[in-house]
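Novice: Here you go, sequence then predicted model.
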Amino acid sequence: MTESASPYISNPRIVVLAVQPGDPPFRIVEIDGAVVGQARTMTDVLFHAAIAGITVHDLDDPDVVRWVGGDKYTWKVH
């Protein structure tokens, strides 16, 4: 397999894990492999990033944020 044929795997600094049950439901946010807190909205993710000194221009960029168990619009347990 050539390098151009291999799948691209990004390694973003921000990982937002799957929705956890709660009132309201929340997602765990990791930055650089460490848990930094909970997010209940996209704004919370941006807040945690800003505290870590990360400017996020595009929440859909897989090089910046990895969404596990849904996307930036997934905030309820299914």
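Specialist: Yep, it's here.

Novice: Just want the most central residue of this protein.
Specialist: Centrality entry for the chain: nearest residue to the mean C-alpha point is V16, 2.9 Å, by Cα atoms, centre = their mean.

Novice: Distance-wise, check it relative to G33.
Specialist: Noted for V16: a distance of 14 Å to G33, by Cβ to Cβ, to the nearest Å. Every residue, glycine included, has its C-beta placed from N, CA and C.

Novice: same check, this time on A18
Specialist: Shown here: A18 relative to G33, a distance of 17 Å by Cβ to Cβ.

Novice: Would you confirm that I54 contacts V29?
Specialist: No - the pair I54 / V29 is not scored as a contact, 11.2 Å apart, by Cβ atoms under 8 Å.

Novice: Quick check on the two: which one has the bigger neighbour count.
Specialist: Counting neighbours by other Cβ atoms under 10 Å for I54 and for V29 shows that V29 has the greater number, 22 against 16.

Novice: Could you say which helix or strand holds the more buried one?
Specialist: strand 26-31 (DSSP states H and E).

Novice: which other residues reach that strand?
Specialist: For strand 26-31, contacts defined as Cβ atoms under 8 Å, 6 or more residues apart in numbering pick out 13-20, 35-40, 44-45, 48-49, 52, 54, 75.
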